[in-house]
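Trainee: Sequence plus the predicted model coming up.
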Amino acid sequence: MRIATWNVNSVRLRLDNTLAWLAERQPDLVCLQEIKCQDDQFPRAAFEAAGYNVAVHGQKGFNGVAILSRHPIDEVTTGLPGDDSDVQSRFIEVVVSTATGVVRVCGIYLPNGNPPDTEKYGYKLGWMKRLKTLVAQRLALEEPFVVAGDYNVIPTPADVHDPAAWAGDALFLPQTRAAFQELLNLGLTDALRAVSDAPGLYTFWDYQAGAWPRNNGIRIDHLLLSPQAAGLLKAAGIDRHTRGWEKPSDHVPVWIDLDIAPRG
DNA sequence: ATGACTCAGGAACTGAGA
């Protein structure tokens, strides 16, 4: 079973790229972020025609997350618990059925948090604390469980081309990295780092200042695995070639293969 | 370098992104 995450930066503008990548990579389940549209504007029919069930948690103009699944979707939950005043669409969770049992997947678009001296950073840290609470609850279920998405966290200096340039950024501040480490300490495994300790594995290159041709990238899109999922991990990868396509997203897809029978 | 680029909304620009 192949599970992927991709911040597409507008699903409507990126529909052709997304369909092309689905045909190429053939994922069984995909978490999409920054769909930047409301539920009724989501190109549902195009993805259904490609063989996917669709769950959407949209928002006008900004944010918005969705999950595509070839497996039947048994449950959908939207919105990260813990703050009733939070109206931003950044969290969607599904349970899908496979031949060997259920798999639980959360798709997240964690807040950017810049500038750090504003309430935006407090919102980010609060969101991470709420996510930690939810993950702890889900881990108690002892299921194959994946938290996939745009974390807006550079975990270590090995995950950024120019660490000094990001020193004061909300994505790389010590407090941000510590909160990410707290998630791992609950018992989650960073799938990509479970298969490679190589430097230069990036998932985002800014549109500005020639970041892509200079390979001035960062790794901020992650798939974190419960012990039951980590035990099934066969492979993980980053589809960086999509950054070179026409009209690219500034993020690229990240995927894992779990030793669970695929479907379709 | 004070910037660079790209998106949605809405119809000229701003806010947001990271």
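Mentor: Nice, I can see it. Numbering: from 1, shown residues only, chains lettered A, B, ... in the order given.

Trainee: Okay, now stretch A:67-77: how far is its last residue from its first?
Mentor: 11 Å (C-alpha to C-alpha, to the nearest Å).

Trainee: right, I mislabeled it, should have said stretch A:209-226
Mentor: End-to-end distance (C-alpha to C-alpha), stretch A:209-226: 38 Å.

Trainee: Stretch A:77-95 too?
Mentor: One end of stretch A:77-95 to the other measures 9 Å (C-alpha to C-alpha).

Trainee: now do stretch A:52-60
Mentor: 23 Å.

Trainee: any residues touching it, and which ones?
Mentor: If you take C-beta atoms under 8 Å, 6 or more residues apart in numbering as the criterion, stretch A:52-60 is touched by A:22, A:30, A:35-39, A:41-42, A:44, A:47-48, A:64-73, A:76, A:78-79, A:88-89, A:91-92, A:94. Where you see a C-beta, it was placed from the backbone N, CA and C, and this is true even at glycine.

Trainee: do stretch A:150-166 as well
Mentor: A:5, A:7, A:33-34, A:108-113, A:124, A:170-172, A:176-177, A:179-181, A:190, A:193, A:197, A:199-202, A:214-222, A:251.

Trainee: Buried among those? Make that a PyMOL selection.
Mentor: This is the PyMOL syntax for the buried subset of the contacts of stretch A:150-166, where burial follows 16 or more other C-beta atoms under 10 Å:
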select buried, chain A and resi 5+7+33+34+108+109+110+111+112+113+124+170+171+172+176+177+179+180+190+193+201+202+216+217+218+219+220+221+222+251
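
Trainee: if you look at the contacts of stretch A:150-166, which of them are in strands?
Mentor: A:Thr5, A:Asn7, A:Gln33, A:Ile108, A:Tyr109, A:Asp190, A:Gly217, A:Ile218, A:Asp221, A:His222 (DSSP state E).

Trainee: residue contacts, the third one?
Mentor: In this structure, A:Gln33 makes contact with A:Thr5, A:Trp6, A:Asn7, A:Val8, A:Gly64, A:Val65, A:Gly107, A:Ile108, A:Tyr109, A:Gly149, A:Asp150, A:His251, judged by C-beta under 8 Å, 6+ apart.

Trainee: what does the first one give?
Mentor: When contacts are counted by C-beta under 8 Å, 6+ apart, A:Thr5 touches A:30-33, A:107, A:148-150, A:221-223, A:253-255.

Trainee: Could you look up the SS state of the spatially closest residue to A:Val76 that is not a sequence neighbour?
Mentor: Nearest-residue entry for A:Val76: A:Ala55, 4.5 Å, with adjacent residues in sequence omitted and distances by C-beta to C-beta, 6 or more residues apart in numbering. When classified by DSSP: H, G, I helix; E, B strand; the rest coil, A:Ala55 comes out as strand.

Trainee: Give me the pLDDT for A:Ala55.
Mentor: pLDDT for A:Ala55: 98.
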